[in-house]
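Asks: Dropping a prediction and its sequence here:
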Amino acid sequence: MNKTVRFLTRTAVLLALTVLFQALRTHQFVTGSLVNLCLILSTVLVGLASGITISAAAPLFAYLLGFLPHPWMVLFVALGNMALVLIIHLLYSKNTYLAVGAGAVLKFLVLFISVTKLAIPMLLAGELPEKKLAVLSVNFSWPQLVTALIGGALALAVIPLIRKAIKE
């Protein structure tokens, strides 16, 4: 199969799964873990460009589905996703566990800082009720670390199976 066709096909399938998982509207820990799984799978199995593509597209769909309260949040979530996939790309071949752990921590830090220190005080204060801002602040703190780690653990479990199935 042509490399371009393979890239487009695999990226499209993983993006479709990502959007499907978001559209299911399950608990943040389920949805977030499955989205992070797709981000990691796309990066490891297809390449950095696939991971970056899904990193940018996923929060756009999350906004369109009503999960993000402000268009600027798309940028912050995309940056957090991209931090995860970049670390996965750089470290996965050297140490899979370090890649997942460091990627999860960096994603958490990017999201926590950008949302709680930039988005909430500069963009959302006054636009949303205080209770909603408090929930948003919590949702973009430690749960991001947990869902990235769970998604990473799932990826570590399924990547060998997928590689065997597609004979990479």
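Replies: That came in fine, so what should we check first?
Asks: Determine the three-state secondary structure at the closest residue to Leu91 other than its chain neighbours.
Replies: Among residues not flanking Leu91 along the chain, Ala99 sits closest, at 3.7 Å (CB to CB, 6 or more residues apart in numbering). C-beta coordinates here come from the backbone N, C-alpha and C atoms, glycine included. Secondary structure for Ala99, judged by DSSP: H, G, I helix; E, B strand; the rest coil, is helix.
Asks: in this protein, which helix or strand is least confident?
Replies: Between all helices and strands in the chain, the lowest mean by mean pLDDT, DSSP states H and E belongs to helix 130-139, at a mean of 82.
Asks: Show me the shaky parts of the chain.
Replies: Scanning the chain for pLDDT under 70 picks out the ranges 123, 168.
Asks: Distance-wise, check Leu86 relative to Thr26.
Replies: 27 Å (CB to CB, to the nearest Å).
Asks: Those two - which one has more neighbours?
Replies: Applying other CB atoms under 10 Å to Leu86 and Thr26 shows that Leu86 carries more neighbours, namely 18 against 13.
Asks: quick one, what contacts the more buried one?
Replies: Leu48, Gly51, Gly103 (CB atoms under 8 Å, 6 or more residues apart in numbering).
Asks: can we see that at 10 Å?
Replies: Residues near Leu86 by CB atoms under 10 Å, 6 or more residues apart in numbering: Thr43, Leu48, Gly51, Ile52, Ser55, Gly103, Leu106, Lys107.
Asks: Next, it: secondary structure please.
Replies: Criterion first, three-state DSSP; result for Leu86: helix.
Asks: How about Ile162, nearest residue that isn't a chain neighbour?
Replies: Leu45 (6.3 Å).
Asks: what number of residues lie near the one you found?
Replies: 19.
Asks: Please apply the same query to Cys38.
Replies: Counted by other CB under 10 Å, the residues lying close to Cys38 total 26.
Asks: That one: what secondary structure?
Replies: Following three-state DSSP, Cys38 is assigned to helix.
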